[in-house]
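**Student:** Compute the structure for the input listed below.
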Amino acid sequence: MLTWPGVQTYYGDLFIEDKYALSDRWNAAFSAGLAVHHNNIDNQFGLQSLRIFYPEMPGSKIRLLKRLSASVRHDATNWSYTFGAAYGERAPSVSEGYGFYLFNSFDRFDYIGNPDMRNEKSTSVNASLAYQKAAFTAKISGSYFHIDDYILGRPKNGLSVMTIGAYGVKVYEQLNYAAILNTSIDLGYQVTKEFLWTGQLGYRRGTGENGLLLPLMQPLTYNSAVTFSRKSFFADASINGSSSHKRYNPEFGEKGLPSYAIFNLSLANRFKFNGAQALTLKTGVENLFDRNYTTFADWNRIPRIGRNFFINLIWNF
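**Tutor:** From the prediction side, this is the model:
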């Protein structure tokens, strides 16, 4: 049995881009592309195996992939704004189009590809707003994707598994549409000449038709750090964590996860020698309180590393 039936991929791309300075404060950019994507199955045994499920499938397939994007940016004294819109298409991957009983240990399903799928088509908009004055900086950004013919694997009844212990068989198919929202906030404040504070927040939300929850959508995550620097000495204390993972879909092997917060400390000193030579000594501890945790994207929910002490020596010459 061939899980990948000897698929060869040929790809050619034509791409154009132009940037415009509309004024001292306004800038714009435009790009467009057209690609030719050709899949060819050069193994007859693999082709015949897939024809068990798709009797009329050809041995090769050519697709045209189009993309287009435009953006504008405005810079004021303390503010900057950006806005963009884009359209793009992608072909199914080799696994999505031609996989034959590929075992996914994350959700413990065998996967079968679907060569009859259409190109996935994404229309998106993005925007950001940034502010900077004296010691304070802030930026908020977001993007929204509306994806037609969204590709994902769904359970298929009536098919026998090939992998011992597999829960079932999934076949790649397409939702009519899916929507994904990404947001982030970045902050920074130079408290004194030596002390700098930074913070980040991020969130992603994805749903498909009929309210289907898409897999691998991160909950609210955050990071905050205070850095001290004086001459060649540096010290850093940080916390990063996540809210509980409640918007999950068991159909894709996901499970709910509790919130967590991880503390880290580090110290570093840079010793300079003749010319450009320098030695940096860095030591610290990660996961200071030895928290047992895992994130939404970790394979098989294997816990992350516990309390970890480290020493790094970096030689520049």
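
**Student:** all helices of the stretch 51-200 of the chain, in order?
**Tutor:** For the stretch 51-200 of the chain, the helices defined by DSSP state H, counting those that start in this stretch cover 94-98.

**Student:** can you list contacts of stretch 133-150?
**Tutor:** Stretch 133-150 is contacted by residues 78, 117-132, 174-191, 208 when judged by CB atoms under 8 Å, 6 or more residues apart in numbering. Heads up, the C-betas are built off the backbone N, CA and C, glycines and all.

**Student:** swap in stretch 242-262?
**Tutor:** 104, 106-109, 152, 154-155, 205, 212-222, 239-241, 286-288, 291, 293-296, 301.

**Student:** Just those: which are in strands?
**Tutor:** Mapping the contacts of stretch 242-262 onto strands (DSSP state E) picks out Asn104, Phe109, Leu152, Arg154, Pro155, Arg205, Thr221, Tyr222, Ile239, Asn240, Gly241, Glu286.

**Student:** before we move on, the earlier item: I'd like to know which of the contacts of stretch 242-262 are buried.
**Tutor:** Neighbour-count burial (16 or more other CB atoms under 10 Å) applied to the contacts of stretch 242-262 gives 104, 106-107, 109, 152, 205, 212-215, 217-219, 221-222, 241, 286-288, 293-296.

**Student:** Show me which of the contacts of stretch 133-150 are buried.
**Tutor:** Neighbour counting by 16+ other CB under 10 Å classes 117, 119-122, 124, 126, 128, 130, 174-175, 178, 180, 182, 184, 186-188, 208 among the contacts of stretch 133-150 as buried.

**Student:** Name the residues that touch stretch 61-76?
**Tutor:** Contacts to stretch 61-76, defined as CB under 8 Å, 6+ apart, come from residues 25-39, 80-91, 115, 119, 126.

**Student:** and what of stretch 9-19?
**Tutor:** Residues from elsewhere that reach stretch 9-19 (CB under 8 Å, 6+ apart): 27-40, 94.

**Student:** cool, stretch 180-190 as well?
**Tutor:** Residues from elsewhere that reach stretch 180-190 (CB under 8 Å, 6+ apart): 135-145, 147, 196-206, 214, 217.
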